[in-house]
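Trainee: sequence plus the predicted model coming up.
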Amino acid sequence: HPNVPSANLELEVVETAALEGVSRISTLIEDCRSLGVRFSLDDFGTGYSSLTYLRRLPASVLKIDQSFVRDMLWDSEDLAIVEGVIGLAAAFRRTVIAEGVETAEHGELLLRLGCDLAQGYGIARPMPADAIPSWASTWKPEPTWGARRNLCATRDDLPLMYAEVELRHWVKCVESCFVNATSVQTAADLCEDRFGNWYQADGQSQYGRLTAFGAIGPLQEALLALGKELTTLWADGHAEHARNRQPELHTLRHELTQHLHALLEESVEARQVLRFPLF
């Protein structure tokens, strides 16, 4: 294809393969870059990633492995990995792409972390090449993504984002009780220990003065009470009744999450006012 600009070609290198021969792969990448061909480092985070390897591999793009992105909504350790890779990409002036974006919530969280490039079923399923032009001309992003793109959190807001992840984790733990017969006490206390501790400590001290914070406490208490009620119903043999009421759990969690987003927006706006006071 002699008429295609070489800069239009980007080759992916799987991280684990690249690390098996860093010097050879680095030389190969540099030779191709001299021709104008770009490289991306795929599945980043699954190998023995280090700052040394990142410095020696001159790939211009880092692709965060989908296993971390997919579970970051409810796993705080995966969220920490995703956040770390985004920070590394910024520090090394590399482009970062998140793989495995399956839902609108994945996209929202990534945008708040400062990652605005992604791939996954939440954007489109694989398709034949001749179908891409039509898809590209009609595709529209999730409505919430546009608002989140201008709402990149600072490091001060990261505990708030982790609190949201712990909230989703707690809901999954309550639901797992219905499958694994986890004790009611363990599931019911999980939200109070993690999300509740954030609310009483860091949340109160950092956001207590903001209007949106006032609605979080009652909703958190209602969610905790509902979780206890459902797990008790299950433990007492009323499994079908408990299962039928699971949508209530998701409704409360969604409402509480929306208030957390509103809290972040209010916090960002408050900082902007302090930074640019009006006289």
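Mentor: Okay, I see it. Residues are numbered from 1 along each chain as shown.

Trainee: quick check: residue 82 vs residue 72, distance?
Mentor: 5 Å (C-beta to C-beta, to the nearest Å). The C-beta positions use only the backbone N, C-alpha and C, and glycine is treated the same way.

Trainee: who has more neighbours, those two?
Mentor: residue 72 (27 against 24; other C-beta atoms under 10 Å).

Trainee: contact partners for that one?
Mentor: 78-79, 81-82, 106, 109, 165 (C-beta atoms under 8 Å, 6 or more residues apart in numbering).

Trainee: now the element after the helix or strand bottoming out on mean pLDDT in the chain, going C-ward?
Mentor: Least confident helix or strand, the chain: helix 184-193 with a mean of 56, by mean pLDDT, DSSP states H and E. The helix or strand immediately downstream of helix 184-193 is helix 195-198, counting by DSSP states H and E.

Trainee: average pLDDT for that following helix?
Mentor: Mean pLDDT, helix 195-198: 86.

Trainee: packing partners of it?
Mentor: helix 158-180, helix 216-235 (3 or more C-beta pairs under 8 Å, 6 or more residues apart in numbering; DSSP states H and E).

Trainee: and the contacts of that helix?
Mentor: With C-beta under 8 Å, 6+ apart, helix 195-198 has contacts from 159-160, 162-163, 166-167, 170, 220, 224.

Trainee: and stretch 247-265, by the same measure?
Mentor: Applying C-beta under 8 Å, 6+ apart, the set of residues contacting stretch 247-265 is 108, 112, 151, 153, 157, 160-161, 163-164, 167-168, 171, 174-175, 207, 210, 212-213, 215-216, 219-220, 222-223, 226-227, 230.

Trainee: low-scoring stretches of the stretch 101-250 of the chain, by residue?
Mentor: Along the stretch 101-250 of the chain, segments meeting pLDDT under 70 span 147-152, 179-193.

Trainee: please enumerate the strands of the protein.
Mentor: 10-14, 38-44, 61-64, 95-98 (DSSP state E).

Trainee: ok, and what's touching the first one?
Mentor: Residues from elsewhere that reach strand 10-14 (C-beta under 8 Å, 6+ apart): 25, 29, 32, 37-43, 57, 59, 61, 63.

Trainee: make it 10 Å
Mentor: 19-20, 25, 28-29, 32, 37-44, 46-47, 57, 59-61, 63, 65 (C-beta atoms under 10 Å, 6 or more residues apart in numbering).

Trainee: burial of residue 176, as a residue count?
Mentor: Residue 176 has 12 nearby residues by other C-beta under 10 Å.

Trainee: distance of it relative to residue 40?
Mentor: From residue 176 to residue 40 the distance is 36 Å (C-beta to C-beta).

Trainee: most tightly packed of the strands of the chain?
Mentor: Ranked by mean neighbour count under mean count of other C-beta atoms under 10 Å, the strands of the chain are led by strand 61-64, which reaches a mean of 24.

Trainee: on contacts alone, who are the packing partners of it?
Mentor: strand 10-14, strand 38-44, helix 76-91, strand 95-98 (3 or more C-beta pairs under 10 Å, 6 or more residues apart in numbering; DSSP states H and E).

Trainee: just the angle between the second one and strand 10-14, please?
Mentor: Computed by axes from the mean of the first three to the mean of the last three C-alpha atoms, to 10 degrees, the angle separating strand 38-44 from strand 10-14 equals 30 degrees.

Trainee: in the sheet, which strands lie alongside strand 38-44, parallel or antiparallel?
Mentor: Here strand 38-44 is paired, per DSSP bridges, with strand 10-14 (parallel), strand 61-64 (parallel).

Trainee: what's in contact with the shortest one?
Mentor: It stands for strand 61-64. Taking C-beta under 10 Å, 6+ apart as the rule, strand 61-64 contacts 10, 12-15, 38-46, 49, 54, 69, 72, 81-82, 84-86, 88-89, 92, 94-100, 110, 115, 117-119.
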